[in-house]
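Any chance you can model this:
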Amino acid sequence: MLRVFLFYLLLFAVVVIAFRRGDRETRFAGLTALVATLLSAASVTLLGAGEPVETAVALVDLAVLALFVAIALRSYRFWPLWVSGLQLTTVIAHVLRILNPDLVDIAYQTAMRFWSYPILLIIAAAALRTRRYRLEPQAT
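Numbers count the residues shown, from 1 in each chain. All right, here's what the predicted structure looks like:
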């Protein structure tokens, strides 16, 4: 329970940092992370454990990947590529679970959770560096 509380605390802090210090890209990424977390939690609560919840969470993660890639394609900054790549590893874990349903539950669940932390930290760092990025001359 403490782990869940700390994750939500980190998520809230990142969203606040993104909205106070970040640009439109970091705000959108922070909001995406928040909505994805809430949708995933709602699907677990509403659907319970098992295959339907895994499908719902996989669809949420796939949508998040699409949004992060959209940010990366429009951005001049490098951080969206990192976030997209880390989200891709989460989606690949879903694909591996589909290909091998006997995948050990703890390995699958760990793969689902692990990359959320670095993604949030990257979004926070990007938001904190937004002002510096604006001051540097842009390459054209």
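
Backbone dihedrals for residue 75, please?
Main-chain torsions, residue 75, degrees, to the nearest 10: phi -90, psi 150.

Quick check, it in contact with residue 25.
Yes. Between residue 75 and residue 25 there is a contact at 5.5 Å, judged by CB atoms under 8 Å. Using the backbone N, CA and C atoms, a C-beta is placed for each residue, glycine as well.

Who has more neighbours out of the two?
Shown here are residue 75 and residue 25; by other CB atoms under 10 Å, residue 25 has more neighbours (21 against 17).

does that one sit in a helix, a strand or a coil?
Following DSSP: H, G, I helix; E, B strand; the rest coil, the label given to residue 25 is helix.

Can you give me the buried ones in the helix or strand harbouring residue 37?
Using DSSP states H and E, residue 37 sits within helix 24-47. Within helix 24-47, the residues scored as buried using 16 or more other CB atoms under 10 Å are 25-30, 32-34, 36-37, 39-40, 43.
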